[in-house]
Structure formats: C-alpha cells, structure tokens
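Asker: fold the following for me, if possible:
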Amino acid sequence: MASGQFKVVNVEPAPEILAWDLGRGETAVLSYALMNPDWTVILDDRAARKCAMSFSIPHKGTLAVVILAKKREIIPSAATALRALKSAGLRLEDDVIRAALLRTVGEEW
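Answerer: Numbers count the residues shown, from 1 in each chain. Predicted coordinates for the structure are as follows:
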C-alpha cells in the first residue's frame, strides 16, 4: 500500500468493549486495538480513554498528536493547528492547551 493510503478494515466489535457502551467509532477502534496490541489508538472521549486504560491499550489524544507533529516538524505551528481543530469542534479546555503548548513546544496559546 502506498504512503498516504488507508485500508478499510471491518472489525467485529469485541464483547468486552461493547460492554462499555461507547460510540460506534470508539468501539471499532478499541476492538481493533484489542486484536492488534502493537497499535496505539487516538481517543479524546473520556470514557473511551478509561476503557483503553482498563485493557492496557496504548492511546493518545488529539493534543498529543498535534504536539508530536510539531516536534517532528510536520506542521509549522501546533497552536495554529489546535485553533483550527477547536473551531471545527474539538472540545478541549484552553488552560490544558496553553499549559501543554508551553511545556512541550514553547508556543503561546
């Protein structure tokens, strides 16, 4: 598969994940990760993150992904990317963003 292409995978929801009563997307992602323990999932939903922790599924949030992209010089500004994500509906407290940006990449919020 060429870089930048995605493979669509149909995943049978794992009963132990279904028991958490999460959304369809979170359930599918966590079920896939349960079968593929070397994967790290991206989750922002608090309940989904708790579920991931209970099954020792490696996970990160959107904030961590954006900061990592900035550190790897994939994006020029984490703050700009996070502003765009917030305007598109990302729910994350400004204080959390402010502290993370200053501590990790030295950017102002």
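
Asker: quick check: pLDDT value at the residue nearest to the spatial centre of the chain.
Answerer: For the chain, the residue nearest the mean C-alpha position is Ile42 (2.4 Å; C-alpha atoms, centre = their mean). Model confidence at Ile42, given as pLDDT, is 96.

Asker: same deal with Phe6?
Answerer: For Phe6, the model assigns a pLDDT of 78.

Asker: ditto for Leu92
Answerer: Taking Leu92 on its own, its pLDDT is 93.

Asker: ok, now Ser3?
Answerer: As predicted, Ser3 sits at a pLDDT of 63.

Asker: where's Leu30 relative to Lys7, distance?
Answerer: 18 Å (C-beta to C-beta, to the nearest Å). C-beta coordinates here come from the backbone N, C-alpha and C atoms, glycine included.

Asker: looking at the two, which has the bigger crowd around it?
Answerer: Looking at Leu30 and Lys7 with other C-beta atoms under 10 Å, you find the greater number of neighbours at Leu30, namely 26 against 5.

Asker: could you check how far that one is from Leu82?
Answerer: In this view, Leu30 and Leu82 are 25 Å apart by C-beta to C-beta.
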